[in-house]
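Student: give me coordinates for this.
(chains A, B, C and D)
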2 protein chains.
Amino acid sequence: MGKVSPGIDAAAWLRGHGLRATHGRIAIVRRLDASRVPLTLADIHAKVRAAGCDFATVFRFISILEEKDLVERVAWIDGTTRHEIRARNGPHHHHHYLICRTCQKVEPIDQCVVEQVENQIAKERGYAALSHSLQLSGVCPECQAKPKMKGKK
Amino acid sequence: MGKVSPGIDAAAWLRGHGLRATHGRIAIVRRLDASRVPLTLADIHAKVRAAGCDFATVFRFISILEEKDLVERVAWIDGTTRHEIRARNGPHHHHHYLICRTCQKVEPIDQCVVEQVENQIAKERGYAALSHSLQLSGVCPECQAKPKMKGKK
DNA sequence: ATATTTGCAAACCTTTTGCAATCTG
DNA sequence: CAGATTGCAAAAGGTTTGCAAATAT
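Tutor: A predicted model of the protein is given here:
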């Protein structure tokens, strides 16, 4: 649902956006499409290097996708920069996640509760072209149950 | 109000937290205290280097303050890592900002509208020790009025 | 006086770029 | 075939660490 399609034809998707379909790019799009959460360049590279795709290619191609607004860059709460294929739900960009500070598990939040906040606050001040990033973090039920081993970062 | 105090006695504040009051540290605390928005290490260093405080000192001391939970690290929406002195409003950490994507202006949002969201969503899933980071971005009224000069980042 | 903290410089690691070779349409 | 794209390797940025000298208590 947030995916480009279930098991998409990456080559067709690429050409449909006026992009050349090389092996590396196809692997990158597949990787992005398969993830429900934003990935770091290293994450992506780890999965596509087997296909002979260089880190520089990941870097450059992700930049291209971001310029075309097909991928969005997210400043993750742990300080890493991540990238996410953009769901086609209109001009609004949603990035709602629940992150466990202990096990680093990430759960997307589907509800659009922030919409009201966004409209209320930002429009009150006359802002246009709004977007937002909300990351909630805490300790998940599983980690609360486990013996406490402080894994700081 | 989010400040340690108006024109605080940094040395006393430091000793009060069991930290040695060196010139560099005093300058760093003053800088943090004077800002309503999170700062990068470079921001802080730029202001304290005149006082002969090295970048490494800024780096190490901020790390110490963060371990003691006196300063909080924030993954800013532009990908930079920023640091903010922690307001004493309880265990809840608030980071609500309205950021202009054109002029980079930052306006803190005082309202705690996310509280409901946080409690609703996170507790529904059994998370503990919640905190959140919300950054709204858009184009401020002033920038909407100005002639459009696309300053990307 | 003594343990802590600092400045300096080097080590790291991630991000970015140049260029010749390779591939796509 | 021609221009776009890639791999490789080096450059650039920001972060982190070691160590001897300086500092706070």
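Student: got the contact list for A:Ile28?
Tutor: A:Ile44, A:Val48, A:Cys53, A:Thr57, A:Val58, A:Phe61, A:Ile62 (CB atoms under 8 Å, 6 or more residues apart in numbering or on different chains). Placement of C-beta: from N, CA and C, glycine included.
Student: assumed it was part of a helix.
Tutor: Yes. When DSSP: H, G, I helix; E, B strand; the rest coil is applied, A:Ile28 is found to be in a helix.
Student: from B:Tyr97, how far off is it?
Tutor: A:Ile28 sits 32 Å away from B:Tyr97, taking CB to CB, to the nearest Å as the criterion.
Student: go on, A:Gln120?
Tutor: From A:Gln120 to B:Tyr97 the distance is 15 Å (CB to CB).
Student: those two: who's more crowded?
Tutor: Counted by other CB atoms under 10 Å in any protein chain shown, A:Gln120 and B:Tyr97 do not tie: B:Tyr97 has more neighbours, with 20 against 11.
Student: ramachandran coordinates for the more buried one?
Tutor: phi -140, psi 150 (degrees, to the nearest 10).
Student: returning to that earlier point: if we check DNA strand D, which of the contacts of A:Ile28 are in contact?
Tutor: Checking the contacts of A:Ile28 against DNA strand D by CB under 7 Å from any atom of the strand, the ones in range are A:Cys53, A:Thr57, A:Phe61.
Student: in chain A, where is pLDDT below threshold?
Tutor: Residue ranges of chain A with pLDDT under 70: A:1-7, A:87-95, A:100-104, A:109-114, A:121-122, A:129, A:131-132, A:134-140, A:142-143, A:146-153.
Student: still on that earlier bit, can you pick the most crowded of the contacts of A:Ile28?
Tutor: Busiest of the contacts of A:Ile28 [other CB under 10 Å] is A:Val58, holding 27 neighbours.
Student: out of everything not next to it in sequence, what's closest to it?
Tutor: Nearest residue to A:Val58, sequence neighbours excluded (CB to CB, 6 or more residues apart in numbering or on different chains): A:His45, at 4.8 Å.
Student: and the helix or strand harbouring A:Phe61, is it in reach of DNA strand C?
Tutor: Using DSSP states H and E, A:Phe61 sits within helix A:55-67. Yes. Using CB under 7 Å from any atom of the strand, helix A:55-67 reaches DNA strand C at A:Phe55, A:Ala56, A:Phe59, A:Arg60, A:Ser63.
Student: the fourth one: neighbour count?
Tutor: Close neighbours of A:Arg60, defined as other CB under 10 Å, add up to 12.
Student: before we move on, the earlier item: what is the nearest of the contacts of A:Ile28 to chain B?
Tutor: Taking CB to the nearest CB as the measure, chain B sits nearest to A:Ile62 out of these, at 13.3 Å.
Student: was I right about A:Asp33 contacting A:Leu14?
Tutor: No. A:Asp33 lies out of contact with A:Leu14 (CB atoms under 8 Å); the separation is 11.4 Å.
Student: please enumerate the helices of chain A.
Tutor: Applying DSSP state H to chain A gives helices spanning A:10-16, A:23-34, A:41-48, A:55-67, A:114-117, A:123-124, A:141-145.
Student: deepest of those, which one?
Tutor: helix A:23-34 (a mean of 20; mean count of other CB atoms under 10 Å in any protein chain shown).
Student: kindly export it (C-alpha atoms) in CSV.
Tutor: Only the C-alpha atoms of helix A:23-34 are listed here, as CSV (Å, rounded to 0.1, in the frame of the first residue of the first chain):
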residue,chain,number,x,y,z
HIS,A,23,20.9,-3.4,-13.4
GLY,A,24,22.0,-1.4,-10.5
ARG,A,25,19.0,0.9,-10.6
ILE,A,26,16.7,-1.9,-10.8
ALA,A,27,18.2,-3.5,-7.7
ILE,A,28,18.0,-0.2,-5.9
VAL,A,29,14.4,0.4,-6.7
ARG,A,30,13.5,-3.2,-5.7
ARG,A,31,15.3,-2.7,-2.4
LEU,A,32,13.5,0.6,-1.7
ASP,A,33,10.2,-0.9,-2.7
ALA,A,34,10.6,-3.8,-0.4
